[in-house]
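[1] Give me a model of this one.
(one chain, ligands or ions: 1)
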Amino acid sequence: MKKAIGFIGLGNMGLPMSKNLVDSGFEVFGVDRNQEAVAKFHQAGGKIGQSIVETTKRCELFFTSLPSSQIVEEIYLGKDGLLENSRPGMIFIDTSTVAPETNRKLEAAAKERGVGFLAAPVSGGVIGAVNRTLTFMVGGSRQAYEIALPIIKELGQNIFHVSEDIDSGTKAKLINNLLIGFYTAGVSEALLLAKQSNLDLEQLFDMLSVSYGQSRIYERNYKSFIAQDDYEPGFALKLLNKDLGFALDLAGESQLDLPVSQFLYSVYEAVEKSGLGEKDMSVLYKKLQEQTNTTFEKRGS
Ligand code: NAD
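    Residues are numbered from 1 along each chain as shown. The predicted model follows:
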């Protein structure tokens, strides 16, 4: 029998990832505050983790997939959290995208407890989580990485150990998501212009897919969301916005001024504030279509 694995956060990413571990023959205990998510996981053959305290007694290795730095810190550092209930030798892998500072805090606390901790954000979206094709950008101890690698390989196709600096994978991931922010905005405005110019969006997609205008985000946002006029996530716009904020904070730490990125952030922030944060990031297209004359505030002003 393979070792039992704990999985905290059974959302858009965590649910397919945890299901894949079940399908690979692991005994997986899932925890989520949303009972609907827990029920879906249970239906797929997962075991219900009654609480973090109870689940840490059963499992030696944990994955987390959570929506914010604050929640990740609560789950790891809080009373009745993962680290308080850990035993030396356990390994924790956080696949959430969080602030680099959160990675550093968690690593320091994990060291004190004698447990391994990897900050391992992922890219590739829900489809990548379902198809086990995720890219993992892992920061942290090489030793913990070597132990976790065979299990991470069950979830992803391209696994990179960026460096032993705990926040190195996160920094790479934030740069990835900064580009996603640009591509999503570019696709939204370009397709809006195409539509206003009476171009057939399907034909345009076929042409640009073999031209330099092609991108994986164009394919994703157009085919799965804009062409379907369906904006259920996916990758919630508020999560992209969180990552753009972290990327700008990272730039700020290095006294780097990124004026175009700042403006981009203000665009997404305005869309989130208008109530569309829970929708897929591609909803920017829809929002711009409805509200072409919006003036967006600059970040921080
Ligand atoms: P999500 O909101 O769909 O899932 C998060 C899950 O965590 C939810 O089921 C929620 O109920 C659960 N949760 C929240 N607080 C909890 C708590 N205190 N205890 C237990 N469970 C709790 O988010 P997602 O899209 O799955 O993203 C998860 C992480 O992965 C985020 O950090 C995101 O930035 C990152 N990510 C997402 C995508 C994507 O395409 N969706 C791609 C790459 C990375």
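
[2] Which positions within the host helix or strand of residue 240 qualify as buried?
    Using DSSP states H and E, residue 240 sits in helix 237-253. Neighbour counts using 16 or more other Cβ atoms under 10 Å place 237-248, 250-251 of helix 237-253 among the buried residues. Glycine gets a C-beta too; all of them are placed from N, C-alpha and C.

[3] Quick check, the residue in the chain closest to the ligand?
    Closest to the ligand within the chain is residue 11: 1.8 Å, counting by Cβ to the nearest ligand atom.

[4] pretty sure that residue is touching residue 30, no?
    No: the criterion here is Cβ atoms under 8 Å, and residue 11 misses it with residue 30 at 11.0 Å.

[5] Neighbour count for those two, which is higher?
    Taking other Cβ atoms under 10 Å, residue 11 and residue 30 do not tie; residue 30 has more neighbours (28 against 19).

[6] helix, strand or coil for that one?
    The assignment at residue 30 comes out as strand when based on DSSP: H, G, I helix; E, B strand; the rest coil.

[7] Enumerate the residues of the stretch 201-301 of the chain near the ligand.
    By Cβ under 6 Å from any ligand atom, the residues of the stretch 201-301 of the chain that approach the ligand are 235, 239.

[8] so where's the stretch 201-301 of the chain shaky on pLDDT?
    By pLDDT under 70, the weakly predicted segments of the stretch 201-301 of the chain are 293-301.

[9] Find the nearest non-adjacent residue to residue 242, please.
    residue 68 (6.6 Å; Cβ to Cβ, 6 or more residues apart in numbering).

[10] So which bits of the lengthiest helix in the chain are buried?
    As assigned by DSSP state H, the longest helix anywhere in the chain is helix 168-196. For helix 168-196, a neighbour-count test (16+ other Cβ under 10 Å) marks 168-174, 176-178, 180-188, 190-192, 194 as buried.

[11] sorry, back to before: check which helices and strands the very next helix or strand once past the helix holding residue 240 sits against.
    Next along the chain after helix 237-253, taking DSSP H and E as the criterion, comes helix 259-271. The contact analysis (3 or more Cβ pairs under 8 Å, 6 or more residues apart in numbering; DSSP states H and E) places helix 259-271 against helix 168-196, helix 237-253, helix 283-290.

[12] Recalculate using a threshold of 6 Å.
    Applying 3 or more Cβ pairs under 6 Å, 6 or more residues apart in numbering; DSSP states H and E, we find helix 259-271 packed against helix 237-253.

[13] Kindly calculate the angle that the helix it packs on makes with helix 259-271.
    150 degrees (axes from the mean of the first three to the mean of the last three Cα atoms, to 10 degrees).

[14] Pull the residues that contact helix 237-253.
    Here helix 237-253 makes contact (Cβ atoms under 6 Å, 6 or more residues apart in numbering) with 97, 99, 174, 177-178, 181, 258, 265, 268, 272, 276-277, 279, 281, 283.

[15] Just the C-alphas of it, formatted as CSV.
    This file holds the C-alpha atoms of helix 237-253, laid out as CSV (Å, rounded to 0.1, in the frame of the first residue of the first chain):
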residue,chain,number,x,y,z
LEU,A,237,-10.0,37.0,-12.2
LYS,A,238,-9.5,37.8,-8.6
LEU,A,239,-6.7,35.1,-8.4
LEU,A,240,-4.9,36.6,-11.4
ASN,A,241,-5.3,40.0,-9.8
LYS,A,242,-3.7,38.7,-6.6
ASP,A,243,-0.7,37.5,-8.5
LEU,A,244,-0.3,40.7,-10.5
GLY,A,245,-0.3,42.5,-7.1
PHE,A,246,2.5,40.2,-5.9
ALA,A,247,4.5,40.7,-9.1
LEU,A,248,4.3,44.4,-8.7
ASP,A,249,5.3,44.1,-5.0
LEU,A,250,8.3,42.0,-6.2
ALA,A,251,9.2,44.8,-8.7
GLY,A,252,8.9,47.3,-5.9
GLU,A,253,11.3,45.4,-3.7
